[in-house]
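Colleague: Curious how this folds, go ahead:
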Amino acid sequence: MRAKDLTFIAMFAALMAIGANITSWAPFLVIGGVPITLQTFFCVLAGAILGAKRGAIAMTVYMLIGLFGAPVFARFGGGFSTIVAPTFGFILSFILAAYVTGLLIEKSANRSVARFITATIIGMIINYVVGTNWMYVAFKLWAEAPEGFSYTMAWSWMLVPLPKDIILSIVAGVIAPRIYKALNQHQIYNKYVA
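Modeller: Okay, here's the model as predicted:
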């Protein structure tokens, strides 16, 4: 990896930390214990722009920074104990979501806006499926579940941030091709991403 790759990986790890903590300025954006953040947006954008490998590395770096104690998770959370948090599945899912988003774009000869939007929406779906199922299992097995908690309730909590994440995933799919193209005009970066 070149310095440019490392710079973009670090940049997206930092953007994830910023996007995770918008609830510190707007605490009403926490629904059923799930903070509404910009993480899904930055996650799929990382995959779309950096590609599968570097997008996944950026999300892994973000996760490791948080697990080693930096307050980069939602509501300035951090530390190894976060692994048992009901929402840790969303953090894990960012790695897979960025990877799949990037892979769908890399494997396509047609890198149209529609292709980017399809990839970012699929990345968002992965984020929701992995994160919500982890949360359900966590509440059932080790975390203190709210009264009357069920699988349907877990998914109903996700209906609140869903419209925002759909819109932002589409936005990511629209802006990513321009950034992707700009980066790929530089021969050094093109060699590693395209």
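
Colleague: With Pro146 as the reference, measure out to the spatially most central residue of the chain.
Modeller: Closest to where the C-alpha atoms of the chain average out (Cα atoms, centre = their mean) is Cys43, at 3.2 Å. Going from Cys43 to Pro146 by Cβ to Cβ, to the nearest Å gives 27 Å. Backbone N, C-alpha and C define where each C-beta goes, glycine included.

Colleague: quick one: low-confidence parts of this structure?
Modeller: Within the chain, the stretches with pLDDT under 70 are 1, 30-35, 186-194.

Colleague: try 90
Modeller: 1-5, 21-37, 74-76, 108-111, 145-147, 157, 160-161, 164, 179-194 (pLDDT under 90).

Colleague: Output the longest helix belonging to it.
Modeller: Secondary structure of the chain per DSSP state H: the longest helix is helix 113-141.

Colleague: So which elements touch that helix?
Modeller: helix 39-50, helix 88-106, helix 151-158, helix 162-184 (3 or more Cβ pairs under 8 Å, 6 or more residues apart in numbering; DSSP states H and E).

Colleague: Buried residues of it, list them for me.
Modeller: For helix 113-141, the neighbour count (16 or more other Cβ atoms under 10 Å) marks 115-124, 126-128, 130-132, 134-136, 138-139 as buried.

Colleague: any idea of the angle it forms with helix 151-158?
Modeller: Helix 113-141 and helix 151-158 are oriented at 130 degrees to each other (axes from the mean of the first three to the mean of the last three Cα atoms, to 10 degrees).

Colleague: can you give me the offset of helix 113-141 from its chain's centre?
Modeller: Remark: helix 113-141 is offset 9 Å from the chain centroid, using Cα atoms, centre = their mean, to the nearest Å.

Colleague: Run the angle between it and helix 88-106 for me.
Modeller: Using the same axes, to 10 degrees: helix 113-141 against helix 88-106 is 160 degrees.

Colleague: excluding its backbone neighbours, what's nearest Ser93?
Modeller: Using Cβ to Cβ, 6 or more residues apart in numbering and skipping the chain neighbours, the partner closest in space to Ser93 is Val130 (3.5 Å).
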